[in-house]
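J.: Quick one, fold the following:
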Amino acid sequence: MKSAKRRRLEAKGWKFGTVQEFLNLSEEEAAYIELKLALSKNLREVRRKKNLTQHELARRLKSSQSRVAKMEAGDPSVSLDLLIRSLLALGASRKHLAQILS
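T.: Prediction:
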């Protein structure tokens with residue numbers, strides 16, 4: 001954003017900051033969210049590289065297509081455990097998981 005536009009908006013009462021500041025998240029909470037989003041994004045990428053539909057992945061996981069969609073979207077109801085188990089079911093190695101986490 002251009003500094004002139006930002007100054008005009010700030011003069012009208014707008015505030016600027018990070019999502020972490022806006023939601024008042026601790027460093028740990030922000031890191032947890034980033035981790036879930038990275039795993040979710042990677043799950044989608046690995047599934048697509050293997051030319052699988054969400055329905056096919058769901059069948060492998062003994063789950064539903066809607067659950068896979070939630071996993072890939074980073075839905076708050078999806079646990080880290082489920083994301084990691086799903087990546088492992090797609091053949092992800094521990095080394096690959098470590099790369100995602102770092």
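
J.: all contacts plus neighbour counts: C-alpha atoms, from now on.
T.: Will do.

J.: Residue ranges in the chain under the pLDDT threshold?
T.: Applying pLDDT under 70 to the chain flags no residue at all.

J.: report the longest helix in it, please.
T.: When the chain is parsed with DSSP state H, its longest helix is helix 27-49.

J.: C-terminal to it, what's the next element?
T.: helix 54-61 (DSSP states H and E).

J.: Quick check, central residue of this protein?
T.: Among the residues of the chain, the one closest to the centroid is residue 37, at 1.4 Å (C-alpha atoms, centre = their mean).

J.: on that earlier part again, mind listing residues that contact the longest helix of the chain?
T.: 20, 53-54, 57, 71-74, 80, 83-84, 86-87, 90, 100-101 (C-alpha atoms under 8 Å, 6 or more residues apart in numbering).

J.: and if we set it to 10 Å?
T.: 19-21, 23-26, 51-54, 56-57, 68-76, 78-80, 83-84, 86-88, 90-92, 96-97, 100-102 (C-alpha atoms under 10 Å, 6 or more residues apart in numbering).
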